[in-house]
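S.K.: All I have is the shape, not the residue letters:
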């Protein structure tokens, strides 16, 4: 068992007070909360909550057992608001009902999914008829109540699930008067792919491929986190070289995402040249990816026990490209910060207050822009981050779109710096170590920082050493609930801009 | 002969009371047709030949024979009011049908009797010159319209609005009376309009004019004397609102124009004064209108706006006369006066349409309406016609009058001096803004009421109204289009009136404004539209036409009624700009910091008339406050009263000693 | 005519100022105003001696156009103060008020017939002074106060051109001194207040005395 | 020859949207579509069928037709040097402006006819902005009328002369105003961004979400025509009628081209305004035209210097 995970079983009735005490006394942050169906081995469901303590590299993981005679538990959401989506997800997927949850509507399933059907239970089945009706989506079995703003003159704009641009599906229900957004409600999970269920049917080695495909823009982060979890279960320590390559590619992924995002913000403000320049630099980096790994999105590199390619063979190409990118990026930032009209749009738009961000457990860029120093690279150092990562002043206090852009810019600078350091350093060792069979009944966390925030994998193997449960939590899952708070009170045309500044993934959320 | 018939018709009006409820409207219409026929005949004659028609009535007034006098000014107004009153009565037959069972015969009779007498009193207002007689018919107009307003007297609000209206009308009457009396006392000339000539020739005309302006301005609804309009118009039945808004408030304009015929000095100050008041009325009228969600109240505010446009025309006309810029003077007056006619046409059309909507849906609140164009297509298209006309868009009549005013303004720029140029520029800006705001307002009204889907149960399953109520609207519509495309004769008629103030009118009207070109351009526009429409039809025959739901981003569970734009929203953006002038309270709380799981929320706005609040209601509260204070002296104790008497006597004594009185 | 063109440009800067919210643009406009003032003064005072001209050059371009804005820019950077805090009065009203001030300046000057008064300068100076005062009244922020003050000072400069073509050296020196004292005192003060500067209101100044 | 301006404008209008797109593409380092792409699009739309929302009525169908007709008729006023437009009369710019207002009016109600929240928003914004820009245009035309003592497009442009520094300044300001008014009227950056895919932020483009086929074809063509309208006015404003005809035609086309490229530049390097800022920004156009008016008063010696 990895040394920074502290598991503790608590009674079902004490769970809530235990968690709240953890939050209060140790300033712990809820990172992850999930259930497992362990009825075959322990004859119970278990619900885990992962907290990370501030200032130390320790995860507190309290859990409790739920017997089949009473499948309800006391919700912790009223004490720890960050738990609200996790609990609703557990309710949908396992049929374990959080009592006194302030918002007990469905989360993952849409109206046409049958009631009392819980896919992540091991014995889940669905009838042909239900499957058909679910697919067509015409029959409303469990209607979803949107929160309505009462009053004369309020109108609702339904945006999505089909959007005008090439983006994934999500439904936004805007209640507005004139241009002012009174309230926004989001409805996600249009493309729920049942990834966690899929993981259970695969071997651990095959799982890497699936993890790579959870979210297109952070494939490498996901696969790294997954590999890390499995390696920790198996007790494998990978070589320095593999660590360096993983770190390098993680930062490369961050780089192309951040620059692309910064450029893409310009599409929201209508600054054509900025948008095009951003895409151009991103494309340059994607081509570098392709040359390094034969995949534009860095797929096929990670494997359990290490990496498959030695990208340091291309060191010259890398430093050349990065230099060009650094130059172009500097030009881009000069253009953006010099454009008064652009900055005017960004400032004071979509403010997410620190208080709310903390309560909702927001992670990544959004957290940093709201004044929370949340970076798993520094708080739980992994790979070679403890050697090269200097947590610079990423955090900004404003919490607006501009702050999010600047947080990205800071990280970009830092990533470039780290990439250079890694390239210049010496890294010894083989590419991979031999990964033996995974020990049965073991479990571990894997985590890393994607461009959007922290991603977590929690993997558990069953008695035969096959996956029993793979829980993954992408940063988008934590951050989507905060978007409506940032957007309320803004004007309608700023909604896409605010949304873009978070740049959350739909797919990464709809696991 | 005609004169006798004319007066005989007065007597005949009492016949209304002996008829059954169903026949009253026809009889009223019959009498009005007679009245209108005779007076129109006189008026047309006057306008064509440029003569003045004078006759003595059979009735005498305190021994003085009553004389009626129709000059071009009277003639123009008579024609305008005849048309609208006839359409109004025609419309009333259908509109009042649902009330036949509710109201008794006396109430119905009183309504039609008042209607006919409103017609008569307005005709006489335009024809009588004697001061006392004028005041009597002026009062008659107020009283008869009061009875018309309170038709639905079972509603408390209606009666309140009616009494409020009557009160304001009396304030106006007192001011006008004071004007006459003052002039009479100062000069000793005849107690009539003609007597004013002497006064204005001898004294500084501005103060007395101000008195008359205020008196007539209350009727006309210039801001800040507009407060009765938004109350009385929604309260009255729709044909009455139409008549009041279209022609009755114009009697105020008539009064002002009449008084102006006697003034020949100090015109610059008067002109600038009228211009400023009118510009304010025009702008504020339409600005308030945008915020209204009560259809008839909104139209009432638009009347204020249009009075403003008329006033702008008259104001710059006066400035033109004073500064000796003939083209400015001629076109200002002509445009303003033509707008009197134009406004009466489209405003009556709009009010009649609003009435039809009210009749079918029982609501005037536009947020409850929607999608009516599919159920009431004729009403919708006629309303659209009126809306486009009131926005001053070509090829409709509103454009012609505004075009004339613009023409005068732009033509006058060069010859005017520095200050006048700036004034002209101000007028141009105001007109342009008023036009733009009117478009803003009427796109809102038309879209919310007629387009999209029904916003509430009230506007579902309604039926189109029938012929009797459509016909008067079509008449008005035809007039609107005719004036819009072939304006020349109407402009000439208005020019005749303007001739009372400016010389050389025919020359300017004949030569300067490119009216035939305007009609040509309008025709080109219409033909091109028709051609394109034809082309479109041809193209559509060849290709596949499909029908589906409005694009809703692929969300199938949408409720179209909730997702369409609302009137409040339409006005919301603009509200921010106008916030210093408008008083709008908005009630909505954003989520609090602690509120992660939102409670149900609500939104509410309240709009008030800030001018009314500050000019009328606050002073009244003040007065009541002081009166209550003053009531302290009224102790009911005899000794105290004796003491007051002594104090008073003492005061007088002291004042006499110091030769102060 | 040429002088008038420059004055016109000067008034345009006022209009731009009226709807500006970025502090940086405010400072740019102040710079432009300084340069324009030099142009105006130069055209007007060509015939006076070189010393005066040099002095005017110093006053307008160097101080008004360069030093003061740069100094303020330093302050802006140090305090990271980029936008003017919203005042209660909307920008919409500001634009209208300043346009009205310009027209009012013209109207007023066209009504004054005095041989000693040059109407064009008078018109522009009235508008500028009103604008300056307006900014000082409407905004409660110290920085905006300084800017309003500088605009007003420019108005006074124009006024001094209006009353006589020969600009008395003494008056000029006084104006200069005034600017210095105003900007420096307020600036140093504001810098010292430092962090709270962004939200610093003039009302708070009084409290700080104690 | 009276329709020369009209014909040239029509010709150049066909290329305008293409040139703007190409300029923007080139500036942002992309290859971009061909200049004729918008024309191909329009031709394709002309051949296509239509789909109508069941919520809509006749208003929705006739709106594009009236809109297009209003712009074409407005183009008929376009003079060319010493040649009048097909239509030309005193104070024709009032008619011109109100005619464009008719087009806007029907487009607004056409958009509202669909009962869609998006289109309602677009319609609302369009109504507000076009209302605010009206005074700027009228003051500008008033200034030019005052300057030349003529009041029709044709005679106004024929009699305009620039001879002093002040008049050059006025000319510059007038051109600036024409360009900006054109941007507002055409719903381009900085007021609106027509090329974004975000229906929540647009003005004009979101109003035509539900239009298709022939109607859409007209709307596309109208965009070019509307640019040509203002491009033509600017061109007329610049060149004097004394030049030989061929030079005039060349200059006319050149000015149009420059205008459109300028629009492309502006759009490439400027982000669009925050929506709240738009009304204020449009209002400053009126203020600037007011300053133009005041300076014209100086030129015509109504306001005496000294």
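M.R.: Good, I have the coordinates. Please read all numbers here as calculations on a predicted model, not as lab measurements.
S.K.: all helices for the stretch 51-200 of chain A, in order.
M.R.: Here the stretch 51-200 of chain A has its helices, by DSSP state H, counting those that start in this stretch, at A:84-94, A:128-136, A:195-200.
S.K.: quick one, phi psi at residue 48?
M.R.: As the question left the chain open, I've gone with chain A. In terms of degrees, to the nearest 10, the main-chain angles of residue A:48 are phi -110, psi 150.
S.K.: That one and chain D, how far apart?
M.R.: Residue A:48 sits at a distance of 40 Å from chain D (criterion: C-beta to the nearest C-beta, to the nearest Å). For every residue, glycine as well, the C-beta is placed using N, CA and C.
S.K.: ditto for residue A:44
M.R.: Distance from residue A:44 to chain D, by C-beta to the nearest C-beta: 48 Å.
S.K.: Show me what whatever helix or strand residue A:316 lives in is packed against.
M.R.: For residue A:316, the host element (DSSP states H and E) is helix A:315-338. On a contact count with 3 or more C-beta pairs under 8 Å, 6 or more residues apart in numbering or on different chains; DSSP states H and E, helix A:315-338 meets helix A:240-269, helix A:272-293, helix A:340-346, helix A:401-424.
S.K.: got any ranges where the stretch 51-200 of chain B has weak pLDDT?
M.R.: Scanning the stretch 51-200 of chain B with the threshold set as pLDDT under 70 gives B:61-62.
S.K.: need the helices for it, in chain order.
M.R.: Going by DSSP H, counting those that start in this stretch, the stretch 51-200 of chain B shows helices at B:72-95, B:105-127, B:131-149, B:156-187, B:193-202.
S.K.: and what of the stretch 51-200 of chain D?
M.R.: Listed in chain order, the helices of the stretch 51-200 of chain D (DSSP H, counting those that start in this stretch) span D:58-75, D:92-112, D:117-148, D:153-158, D:165-185.
S.K.: Dump those to JSON lines, plus mean neighbour count and distance to chain A.
M.R.: Compiled in JSON lines, the helices of the stretch 51-200 of chain D are given as follows (neighbours: other C-beta atoms under 10 Å in any protein chain shown; distance: least, C-beta to the nearest C-beta, whole Å):
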{"stretch": "helix D:58-75", "mean neighbour count": "23", "distance to chain A": "19"}
{"stretch": "helix D:92-112", "mean neighbour count": "26", "distance to chain A": "12"}
{"stretch": "helix D:117-148", "mean neighbour count": "26", "distance to chain A": "4"}
{"stretch": "helix D:153-158", "mean neighbour count": "22", "distance to chain A": "32"}
{"stretch": "helix D:165-185", "mean neighbour count": "19", "distance to chain A": "12"}
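S.K.: could you dump those helices to TSV with mean pLDDT and distance to chain B?
M.R.: Shown next, in TSV, are the helices of the stretch 51-200 of chain D (pLDDT from 0 to 100; distance: least, C-beta to the nearest C-beta, whole Å):
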stretch	mean pLDDT	distance to chain B
helix D:58-75	95	4
helix D:92-112	94	3
helix D:117-148	92	2
helix D:153-158	89	10
helix D:165-185	92	12
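S.K.: Could you work out which of those helices reaches nearest to residue C:131?
M.R.: helix D:165-185 (19.3 Å; C-beta to C-beta).
S.K.: Report the angle between the closest one and helix D:92-112.
M.R.: Between helix D:165-185 and helix D:92-112, the angle comes out at 20 degrees (axes from the mean of the first three to the mean of the last three C-alpha atoms, to 10 degrees).
S.K.: after helix D:165-185, next one along is what?
M.R.: helix D:204-207.
S.K.: I'd like to know which elements that following helix is packed against.
M.R.: Against helix D:204-207 (3+ C-beta pairs under 8 Å, 6+ apart) you get helix D:92-112, helix D:117-148.
S.K.: what about those, which gets the closest to residue A:451?
M.R.: Ranking the helices and strands packed on helix D:204-207 by proximity to residue A:451 (C-beta to C-beta) places helix D:117-148 first, at 31.2 Å.
S.K.: Is that closest one positioned near chain C?
M.R.: No: Helix D:117-148 stays out of contact with chain C when judged by C-beta under 8 Å from any C-beta of the partner chain, the minimum separation being 9.9 Å.
S.K.: Among the helices of the stretch 51-200 of chain D, single out whichever gets nearest to residue B:501.
M.R.: Per C-beta to C-beta, nearest to residue B:501 of those: helix D:92-112, 23.5 Å.
S.K.: Buried deepest among the helices of the stretch 51-200 of chain B, which one?
M.R.: Stretch with highest mean neighbour count among the helices of the stretch 51-200 of chain B: helix B:72-95 (a mean of 25; mean count of other C-beta atoms under 10 Å in any protein chain shown).
S.K.: Grab the nearest non-local neighbour of residue 102.
M.R.: Reading this off chain A. residue B:597 (4.0 Å; C-beta to C-beta, 6 or more residues apart in numbering or on different chains).
S.K.: meant chain C actually
M.R.: If the residues on either side of it in the chain are set aside, residue C:102 comes closest to residue C:127, at 4.4 Å by C-beta to C-beta, 6+ apart.
S.K.: hang on, that neighbour packs against residue C:107?
M.R.: No: counting by C-beta atoms under 8 Å, residue C:127 stays clear of residue C:107, with 10.7 Å between them.
S.K.: So if I had to pick from these two, which one is more boxed in?
M.R.: More crowded of residue C:127 and residue C:107, by other C-beta atoms under 10 Å in any protein chain shown: residue C:127, with 28 against 17.
S.K.: next SSE after the helix or strand hosting that one?
M.R.: In this structure, residue C:127 is located in helix C:119-138 according to DSSP H and E. Following helix C:119-138 in sequence order, the next helix or strand is helix C:142-163 (DSSP H and E).
S.K.: For the residue nearest to residue A:102, give me its contacts.
M.R.: Contacts for residue B:597 (C-beta atoms under 8 Å, 6 or more residues apart in numbering or on different chains) come out as A:81, A:84, A:102, A:103.
S.K.: Could you check how many residues crowd around residue 195?
M.R.: With no chain named, the answer covers chain A. Neighbourhood size, residue A:195 [other C-beta under 10 Å]: 17.
S.K.: meant chain D, my bad for not saying
M.R.: 16.
S.K.: ok, so what distance separates it from chain B?
M.R.: Using C-beta to the nearest C-beta, we find residue D:195 at a distance of 19 Å from chain B.
S.K.: For whatever residue of the stretch 201-350 of chain A ends up closest to chain D, give its distance to residue B:249.
M.R.: For the stretch 201-350 of chain A and chain D, the shortest gap (C-beta to the nearest C-beta) falls at residue A:276, measuring 3.2 Å. Here the distance between residue A:276 and residue B:249 works out to 60 Å (C-beta to C-beta, to the nearest Å).
S.K.: and the two? which has more neighbours close in?
M.R.: residue B:249 (31 against 21).
S.K.: so the more buried one sits in a strand?
M.R.: No: Residue B:249 sits outside any strand when classified using DSSP: H, G, I helix; E, B strand; the rest coil, being helix.
S.K.: Kindly indicate whether residue D:241 is helix, strand or coil.
M.R.: Under three-state DSSP, residue D:241 comes out as coil.
S.K.: quick one, what contacts it?
M.R.: So residue D:241 contacts D:81, D:82, D:157, D:158, D:248 (C-beta under 8 Å, 6+ apart).
S.K.: If we use 10 Å, what do you get?
M.R.: D:79, D:80, D:81, D:82, D:83, D:154, D:157, D:158, D:159, D:160, D:248 (C-beta atoms under 10 Å, 6 or more residues apart in numbering or on different chains).
S.K.: The fourth one: what's its closest spatial neighbour, skipping adjacent residues?
M.R.: Spelled out, it's residue D:82. Nearest to residue D:82 is residue D:241, by C-beta to C-beta, 6+ apart, at 4.3 Å.
S.K.: per-residue confidence at that neighbour?
M.R.: At residue D:241, the model reports a pLDDT of 74.
S.K.: How about residue C:187?
M.R.: Confidence score, pLDDT, at residue C:187: 65.
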